[in-house]
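>>> Please find the sequence and the predicted model below.
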Amino acid sequence: MSQSKKGKYSSRLSNTKKLGTHGSFRAHDSFYRMMIDSLDGYGVFTTDKNGNISSWNGGAKRLFGYKEEEIIGKSFSIIFTNEDREDSFPQKEIRQAKEKGKVISERLHVRKNGSLFWASGLVYPLKDEKKVHRGFTFILIDHTQEKAAGKRKDDFISTATHELKTPIASMRLFAEIVKRQTEKTGDVIGLESVNELNIQLDRLTALMNYLLDVAKIEQGNLKLAKTSFDVDSFLKETITIIKNISTERTILLTRNADKEIYADIERLSQVLTNLISNAIKYSPEKSKIIVNSSRDKDSIIISVQDFGFGISRIDQKLIFGRFYRAHIAVDHNIGGIGLGLYIAMQIIKAHNGKMWVKSVEGKGSTFFFSIPIKAK
């Protein structure tokens, strides 16, 4: 189905190419209309290319509260918040849908009675049989309850991890006291036990930090403390710290961008450390790891290459998802909870950068991230 002027349609399902009125749409495209109306749980409506509403199914009526006869012909921006309208977001959304062929929509919307709810769905451009753009189709569903449940879960995780900080700090203190005593007595077994306890506390602390970062990301509270710093020095310092921990690994720094950027150095160090740590975990013990930086137009590109197990094509598409673990990790019993790359991706996105991977199974992987070069 496609449309031209406000409230008028043409359809590839119809036997006629003549543009008709809204009434003729119902007559000529009764099957299409019946199919759309059967999508009870979804708000489905169409607009002309200027964003004026031209069809409105029963799901849209229940979702937004408008009857079909009172909404047809009005601008679709009526369902957006005042803030979104002031920011021209409705126009941006349909423009992106036209350019990209599809846009995922997920945000607050407004009902007829003024109440707000969280909706998500898709926006598609409509074209006629001659591929001429005529308008847009919107498919939306109410996700308010799911969003609220997600927020409660994130709030719980955030609160629980904060509450765990105090007992973990106490455990570290007592572990240090026991360690000193065992060193004095020469209790080798006791000292090994204390060292293992500290290793497990480090793992628990890392898990807590991961969960706190996830909660911040989901709540939109991931803050960046940006400063200007030299990329070359940043890479050398981060690699030196990792080398002191993983003394048996060869980590090479090849080409350097030799450029100053404005970013959150602690967060980028977190990203780089995660990528190098993964390269160590997923490659043979004596294989080298290569860190490289280069400049591409207005961005700095940093990469971490290993010569390990590699990642399958399917996993490459999913590996940046929350809690996702590649099959190779499960097959080789490699520890992890599937949050490191997800958090790293969100940190890079917060910098308006990009992150991606290239990999061949059995030959290794290279992870890349780019950061825009911007002055303070």
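That came in fine, so what should we check first? Numbers count the residues shown, from 1 in each chain.
>>> Buried residues of the strand of greatest length in the chain, list them for me.
Identified as the longest strand of the chain according to DSSP state E is strand 116-127. Residues of strand 116-127 classed as buried: 118-121, 123-126 (neighbour count, 16 or more other CB atoms under 10 Å). Placement of C-beta: from N, CA and C, glycine included.
>>> now it: mean pLDDT?
Strand 116-127 shows a mean pLDDT of 90.
>>> How far does the helix or strand containing residue 349 sit from its chain's centre?
Here residue 349 sits within helix 340-350, counting by DSSP states H and E. Relative to its chain's centre, helix 340-350 lies at 8 Å (CA atoms, centre = their mean, to the nearest Å).
>>> right, and the helix or strand after it?
strand 354-360.
>>> now the angle from that next one to helix 340-350?
Orientation of strand 354-360 against helix 340-350 (axes from the mean of the first three to the mean of the last three CA atoms, to 10 degrees) gives an angle of 140 degrees.
>>> Which strands or helices does strand 354-360 pack on?
Secondary-structure packing of strand 354-360 (3 or more CB pairs under 8 Å, 6 or more residues apart in numbering; DSSP states H and E): helix 340-350, strand 364-372.
>>> which one of the buried residues of strand 116-127 is nearest residue 320?
residue 120 (19.6 Å; CB to CB).
>>> Tell me if I'm right that that closest one and residue 138 touch.
No - the criterion here is CB atoms under 8 Å, and residue 120 misses it with residue 138 at 11.4 Å.
>>> Quickly list what's touching both of these two.
Both residue 120 and residue 138 are in contact with residue 105, where contact means CB atoms under 8 Å, 6 or more residues apart in numbering.
>>> Show me what the helix holding residue 349 is packed up against.
Taking 3+ CB pairs under 8 Å, 6+ apart as the contact cut, helix 340-350 packs with helix 188-218, helix 265-281, strand 354-360, strand 364-372.
>>> Centre of the chain to the second one, how far?
So the one you mean is helix 265-281. On CA atoms, centre = their mean, the centre of helix 265-281 falls 18 Å from that of its chain.
>>> which one among the buried residues of strand 116-127 gets closest to residue 343?
Closest to residue 343, out of all of the buried residues of strand 116-127 and judged by CB to CB, is residue 120, at 22.5 Å.
>>> quick one, what contacts the closest one?
Listed by CB under 8 Å, 6+ apart, the contact set of residue 120 reads 104-107, 140-141, 143.
>>> can you do 7 Å?
By CB atoms under 7 Å, 6 or more residues apart in numbering, the contact set of residue 120 is 105-106, 141, 143.
>>> And this protein, what are its domain boundaries?
With automatic domain parsing as the criterion, the domains of the chain are listed as 2-142, 147-218, 227-372.
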